[in-house]
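Enquirer: predicted model and sequence follow; I will ask about them next.
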Amino acid sequence: MNKTDALIIGAGPTGLFTAHQLNLIGLSCEVVDNLDKIGGQCIELYPDKPIYDIPAVPECTGEQLTNNLINQLKPFDIKFHLNQRVEEVKRDNENWIVKTNSGAIFLTPNVIIAGGVGSFEPRKFSPKECEKFENKSLFYSVKNKKIFEGKTVAIFGGGDSALDWAVELSKKSKVNLIHRRDEFRGAEATVSKMHALVKEGKINLFTKYQMTSVKGNGQLESIDIKNDEDEIKNIKTDYALGFFGLIMQLGPIANWGLNIDKKTIEVDTEKFETNQKGIYAVGDICNYPGKLKLILSGFHEGALAARACFKLARPNEKYRFEFTTTSTNLLKRLGKKE
């Protein structure tokens, strides 16, 4: 079990700055995020798009902002638990027991939800029977490409992820690439590479087809795909990969006894605490009168929530506000010389 002064759910900009503020005042924290990388929406949705409303930063991209926030955390020892979703939050006396879908368990007096607009979930295949093969022989991301070596893999999608993995896996696997359109949305160079591999017979391409059913006993054995003219093909396969993009869902947060209105969590504006003591919400996921969905607002909310955490994490100590420009303690934590 991981014991920490605060657990942050969400590794986007607000979650990262909240982690900075917690460590700055001497509290430990760990961060859980459903994505496989740090940065949240900034990295997943607009890494290359310019942002113009960060104070004292006239212009930066989502990736640049994320990298700057990560660099700001370098003085601190913060553990990130990526590619995991928090499933359960339960009260245990003065603490919360938090469990993820990967089996990680945390014991903490403070939980800070910085989940943006919820957790990113993959768009899934339509056939209901696909669920019984998920994470066995049907996947929406690749964690270990070695399992596909020497196997037949059906890859669905027309974007960068589908194309990149089709090209990569064709080196050691038999690849069937299926897309519902003729046009592909990936990088031009990758599209060209894929078509070259099709000509070489290393990738089998099926356009204007979609999956209609899957067959197998415990392990995937074949799939049926249908085109616009209702022509059905049965393809033998060992694995299926679906790359249809991401959707944002509130997910298990809805089951934690919090006051939720229109997929946002109601908080006070003193501590950004929810109706549950020791659970806070900051960033786009929180709601209060006058709320602005700006990154700078999330930074303000995270700073106040972090200081509210001090009382529960250090009940026998009194928090004393200090400035980084003059405090010896803060400069020491930041690794700076006086």
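Expert: The structure has been received and is ready for your questions. From a predicted model like this one, the values you see are computed outputs, not experimental measurements.
Enquirer: break the protein into its domains for me.
Expert: Annotated domains of the chain cover 2-121+247-333, 124-244 [automatic domain parsing].
Enquirer: tell me the contacts of the most centrally placed residue in the chain?
Expert: Geometric centre of the chain, nearest residue: Leu35, 2.4 Å, by C-alpha atoms, centre = their mean. Taking C-beta atoms under 8 Å, 6 or more residues apart in numbering as the criterion, Leu35 is in contact with Ala11, Ile43, Glu44, Leu82, Asn83, Phe120. C-beta here means a position set from N, CA and C on the backbone, and glycine is covered the same way.
Enquirer: if you set the cut-off to 10 Å instead, what comes out?
Expert: 10-12, 41, 43-44, 82-85, 119-120, 141, 246 (C-beta atoms under 10 Å, 6 or more residues apart in numbering).
Enquirer: compute the first-to-last residue distance for stretch 311-322.
Expert: Counting by C-alpha to C-alpha, to the nearest Å, you get 16 Å between the two ends of stretch 311-322.
Enquirer: centre of the chain to it, how far?
Expert: Distance of stretch 311-322 from the chain centroid (C-alpha atoms, centre = their mean, to the nearest Å) equals 31 Å.
Enquirer: list the buried residues in that stretch.
Expert: Going by neighbour count (16 or more other C-beta atoms under 10 Å), the buried part of stretch 311-322 is Leu312, Ala313.
Enquirer: could you number the chain from 318 rather than 1 from now on?
Expert: That works, and once the first residue is 318, the last one we named lands at stretch 628-639.
Enquirer: what mean pLDDT would you report for it?
Expert: What stretch 628-639 shows for mean pLDDT is 95.
Enquirer: cool, stretch 544-551 as well?
Expert: Mean pLDDT, computed over stretch 544-551, is 93.
Enquirer: and it, how far apart are its ends?
Expert: 12 Å.
Enquirer: what helix or strand is Leu647 on?
Expert: Using DSSP states H and E, Leu647 sits within helix 645-650.
Enquirer: before we move on, the earlier item: just the buried residues of the contacts of Leu352.
Expert: Buried members of these, counted by 16+ other C-beta under 10 Å: Gly327, Ala328, Gly329, Gln358, Ile360, Glu361, Gln401, Arg402, Ser436, Phe437, Leu563.
Enquirer: identify, from those, the entry nearest to Ala471.
Expert: Comparing the buried ones among the contacts of Leu352 against Ala471 with C-beta to C-beta places Leu563 closest, at 20.4 Å.
Enquirer: that closest one and Lys610, how far apart?
Expert: Distance, Leu563 to Lys610, by C-beta to C-beta, to the nearest Å: 19 Å.
Enquirer: hang on, the earlier thing: tell me the secondary structure at the residue nearest to the centre of the chain.
Expert: Secondary structure for Leu352, judged by DSSP: H, G, I helix; E, B strand; the rest coil, is coil.
Enquirer: please tell me how far it sits from His337.
Expert: Leu352 sits 19 Å away from His337, taking C-beta to C-beta as the criterion.
Enquirer: make CSV from the contacts of Leu352 and add pLDDT to it.
Expert: Below are the contacts of Leu352 laid out as CSV (pLDDT from 0 to 100):
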residue, pLDDT
Gly327, 95
Ala328, 96
Gly329, 95
Gln358, 83
Ile360, 85
Glu361, 77
Leu399, 93
Asn400, 88
Gln401, 91
Arg402, 90
Ser436, 69
Phe437, 71
Ser458, 85
Leu563, 77
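Enquirer: adding secondary structure, write those out as CSV.
Expert: Shown next, in CSV, are the contacts of Leu352 (three-state DSSP):
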residue, secondary structure
Gly327, coil
Ala328, coil
Gly329, coil
Gln358, helix
Ile360, helix
Glu361, helix
Leu399, coil
Asn400, coil
Gln401, coil
Arg402, coil
Ser436, strand
Phe437, strand
Ser458, coil
Leu563, strand
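Enquirer: so which residues of the stretch 418-567 of the chain form helices?
Expert: Per DSSP state H, counting those that start in this stretch, the stretch 418-567 of the chain carries helices over the ranges 477-486, 505-516.
Enquirer: now for the shortest one, which elements pack on it?
Expert: To tie it back to what came earlier, the one meant is helix 477-486. Judged by 3 or more C-beta pairs under 10 Å, 6 or more residues apart in numbering; DSSP states H and E, helix 477-486 is in contact with strand 469-473, strand 491-496, helix 505-516, strand 520-524, strand 556-559.
Enquirer: find the nearest non-adjacent residue to Gln389, please.
Expert: Nearest non-adjacent residue to Gln389, counting by C-beta to C-beta, 6 or more residues apart in numbering: His337, 5.5 Å away.
Enquirer: could you pull up phi and psi at the one you found?
Expert: The phi/psi pair for His337 (degrees, to the nearest 10) reads phi -60, psi -50.
Enquirer: same deal with the one 4 residues further on?
Expert: The phi/psi pair for Leu341 (degrees, to the nearest 10) reads phi -60, psi -40.
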